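Student: Structure, please.
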Amino acid sequence: GFVVGHAGLYQALAMFAVAYFIIGMTVLSVCAIATNGALDAGGAYYMISRALGPEFGGSIGIMFFLANVCGSALYVLGLVEAVVDSFGIPPGQESGKGVHVLPQSYWYELLYGTVLLALCLLVCLVGASIYAKATFLIFLIVAAVLGTILVSFFATRPLKVPIRLPNANGTETDNGFFTGFSLSTLRDNLGGRYDVDYTTGQMMSFSSVFAVMFNGCTGIMAGSNMSGDLKRPSYSIPRGTISAVLFTYLVYNLLAFLMCATCNRILLQKDYGFLRDISIFPPLVTVGIYAATLSAAMSNLIGASRILYALARDDLFGRALALAKKTSASGNPVMAVILSWLVVQIVLFSGKLNTIASVVTIFFLLVYATVNLACLALEWASAPNFRPTFRYFTWHTCLLGIAGCCVMMFLISPVSASASLGFLLLLLLALHYLSPSSTWGYISQALIFHQVRKYLLMLDVRKDHVKFWRPQMLLMVQNPRGSARLIDFVNDLKKSGLYVLGHVELQDLDMLPSDPLQSQQDSWLSLVDKLNVKAFVSLTLAPSVRHGVRQLLFTSGLGGMRPNTLVLGFYDDEAPQDGLARHPAFTSTREEVPLGFPPLRAPTAPKLLSAREYVGIVADALKMLRNVLLARQLESLDKAWELRRATSPPPTIHVWPVNLLRPDSARYADTCSLFLLQMACVLNMARAWRRARLRLFLCVEAGTMPHAQEEKLRQLLKDLRIQAQIQLVPWDSITHLHWQTCQRPPGGPAEEEEEEEEGIVNFPTNTTQVSDEYVCAANKLVLEQSPAPAVRFLYLPRPPADTSLYPLYLHQLELLTRGLGPTVLVHGVSAVTSTQL
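Tutor: Next up is the predicted model:
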């Protein structure tokens, strides 16, 4: 009567349609989740938490608990209004007559509400079985009352109903009319005519009436809230919920039509208990109203207690809800019931039904939206294990349910909706950072997998362009204990690209009972987490390190995300140091280093690969068109100290883009030199290295117009948008040593030729030869440039074609970089710079 009295038949039917559309979409989602595996206590909370994870589940669980608590208070207040309406002393009179004996005031009504709530508490404390019997009895009573009301619309003759209303001067008397079926009455009630609600004194509107009406539709979760007490929840919840929704929708529409056709507007707006006056047996209507509201109050109270119990049992809020875990011998969560009753009692102080109706409605709408979101996420994730037996839903119904809930929330009360969403967001953040990790499975992981797979398929390597090139690193790590700072350094070099930590285990799977890499995977992933690097881990078994690196170069990555750059530590005789124990990630938190990694190799122990095999790995990578970086003494790089020391000038990065082992072909614009420049620039762009300054060294000889070379290089840097200081370095004395070696007269004693061969590296062109004396001089030239930089980038020449010269090639590299501190040798094979927009 309240709804049609203010909104009229058309708007009332529209309200029912909107409400039941939202509810219908949500019911489909509930049924889908309920039939996809075993359900436990907690109903909607259990469904959401197991689908969306503990953060969403816990925060929505609290919201749903509050919705049920407020709903229980709402129905108790509604019952109090009905009781006072039937037995209260009329306003303006000191004593009542007949059955009108109950005093009316805020405190008296609070007392009546407390007594009625205590009755609900007693039923819920006994347990779910007595509640089920009580609600079934109430259902029979309400069905009987409904039958008599439907008969009364046809059997009762037209009559005048006197209405007493309180006002500022005492009481006001008005008359409502039951006209029987009348076309003029129906026409008069078709449109909306909003007026003041006589119980609260507030002006009604579409949104406020909808908020009150919607609370009559929120019982769809009553069955799912009892999921822990049902014998076959997956069978009972869909059938019970859908039949209940259809039945109540038909009843509401039928009652709305009958009321609009038989009762005038004054009767509908000014007397919410008018059904007693027109009934053929008025006391039965009173009993029906009491039974219906008592049932709803009990349903919400027991639902709230089950949600609270499920939250407590999942330990999402720690000790805060520990008390709610306690149950009786029969398994009834008595402490959760008592705690829920206490919160409902507090809400009763609000005093009037329509005061809290909008808050309750928004809470329920928020829960319904999240149930739809859970079902939508499960459907979009396309996980093979999501196969509910209830199939009458699609992602469209879930999306419509979410949209409907969100729109109605803000139509009812934008302020309350915004506050509820803000509260939900705070709970989400708190649970994200404070709640323990769960073993329920995270839908976010399934959704991420689904989206990543889709976008990887769209990432077409044929559409790659040099403008959008980025480094994709594969760093080979033998033991993380000796490579912690190198792992951190390469993380700065990746520039939002792919970063893979590769490791080769030298074992034969044929000789092992199971794969030994599975047990190591967790240790490597924990290391990535602790070092806070954005890297993947790729482990492999191989008979040799070289074969293992080949495997990883061939197979690492997926689709368009594959490593284009191989990074290796340097091959020398220095004893490895345990840098992991001294890394800030472990020293600052006082945590132990992960025990999954073996101790470092003793200095006297043999190495896992030979010098020839090491150079062979470099040659293999270049054959596969992978860029190569060799990092020496990176474990001595204290990045935090280098970059934060309060010195002037700021720390520097030295860049030598010339091939120091090929002085006869010194060029600054070949592919390798440009790649070296790019890598130094990428490091400088990393957040931690932005304070550092690039210094580019231009090696010049007398009589070669150095200023013209400098200007040409400066123009190149300008075109490449690289900010660097250019420093001219005369190296006539160095190149003199080289040419002296090359111009030795041919012929002579065989012994002299043999000695010469021992100190010379023949490069692929077989035209250039460098001696140890020359390399040491070049090393000294690099070392003399002051101040000492944080890191140096040097040109890495291609390995010789003759594999017998691999050890000598490595010897020359060792001489070149000896004592330089943190140094990166770079060889690039792909074009990586662009001067185009």
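
Student: hmm, which helix or strand of this structure has the shakiest average pLDDT?
Tutor: Within the chain, no helix or strand scores below helix 750-758, which has a mean of 38 by mean pLDDT, DSSP states H and E.

Student: so after that one, what's the next helix or strand?
Tutor: Downstream of helix 750-758, the first helix or strand assigned by DSSP states H and E is helix 772-784.

Student: And that next one, what does it pack against?
Tutor: helix 732-742, helix 806-817 (3 or more Cβ pairs under 8 Å, 6 or more residues apart in numbering; DSSP states H and E). For the C-beta atoms, the positions are set from N, CA and C on the backbone; glycine is no exception.

Student: ranking those by mean pLDDT, which is last?
Tutor: Least confident of the helices and strands packed on helix 772-784, judged by mean pLDDT, is helix 732-742 with a mean of 66.

Student: how about the strands of the chain, start to end?
Tutor: In the chain, the segments counted as strands under DSSP state E are 159-167, 170-178, 473-476, 499-506, 536-542, 565-569, 627-632, 652-656, 693-700, 725-730, 791-795, 823-827.

Student: Nearest approach to residue 676 belongs to which of those?
Tutor: strand 823-827 (4.4 Å; Cβ to Cβ).

Student: Of all the residues in stretch 198-214, which ones are buried?
Tutor: Residues of stretch 198-214 classed as buried by neighbour count (16 or more other Cβ atoms under 10 Å): 204, 206, 208-214.

Student: residues near residue 394, how many?
Tutor: Close neighbours of residue 394, defined as other Cβ atoms under 10 Å, add up to 14.

Student: excluding its backbone neighbours, what's nearest it?
Tutor: Excluding its sequence neighbours, the residue lying closest to residue 394 (Cβ to Cβ, 6 or more residues apart in numbering) is residue 379, at 7.4 Å.

Student: Show the pLDDT at the one you found.
Tutor: The per-residue pLDDT of residue 379 was computed as 86.

Student: Tell me who's in contact with it.
Tutor: 386, 393-395, 398 (Cβ atoms under 8 Å, 6 or more residues apart in numbering).

Student: Distance to residue 285 added to these, as TSV?
Tutor: Shown next, in TSV, are the contacts of residue 379 (distance: Cβ to Cβ, whole Å):
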residue	distance to residue 285
386	47
393	38
394	43
395	45
398	40
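
Student: Of the residues you listed, keep whichever come out buried.
Tutor: Buried, going by 16+ other Cβ under 10 Å: 386, 393, 398, out of the contacts of residue 379.

Student: Dump these to CSV, plus distance to residue 245 and pLDDT.
Tutor: Formatted as CSV, the buried ones among the contacts of residue 379 follow (distance: Cβ to Cβ, whole Å; pLDDT from 0 to 100):
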residue, distance to residue 245, pLDDT
386, 24, 80
393, 14, 87
398, 17, 92
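
Student: JSON lines for those residues, including distance to residue 286?
Tutor: Formatted as JSON lines, the buried ones among the contacts of residue 379 follow (distance: Cβ to Cβ, whole Å):
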{"residue": "386", "distance to residue 286": "48"}
{"residue": "393", "distance to residue 286": "41"}
{"residue": "398", "distance to residue 286": "42"}
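
Student: between those residues, which is closest to residue 529?
Tutor: If you rank the buried ones among the contacts of residue 379 by distance to residue 529 using Cβ to Cβ, residue 386 comes first, at 28.7 Å.

Student: what sits against the closest one?
Tutor: Contacts of residue 386 by Cβ under 8 Å, 6+ apart are 36, 378-379.

Student: So if we follow the domain assignment, how does the protein break up?
Tutor: Structurally, the chain divides into domains by the TED database as follows: 1-92+100-434, 463-741+766-827.

Student: Give me whichever of those is most buried.
Tutor: domain 1-92+100-434 (a mean of 19; mean count of other Cβ atoms under 10 Å).

Student: mind checking the end-to-end distance for that domain?
Tutor: 48 Å (Cα to Cα, to the nearest Å).

Student: next one: that domain to chain centre, how far?
Tutor: 32 Å (Cα atoms, centre = their mean, to the nearest Å).

Student: any idea how far the residue lying closest to residue 268 once chain neighbours are set aside is from residue 179?
Tutor: Counting by Cβ to Cβ, 6+ apart, residue 268 lies nearest to residue 5, which is 3.0 Å off, once chain neighbours are set aside. For residue 5, the distance to residue 179 equals 15 Å [Cβ to Cβ, to the nearest Å].

Student: Sweet, I'm off.
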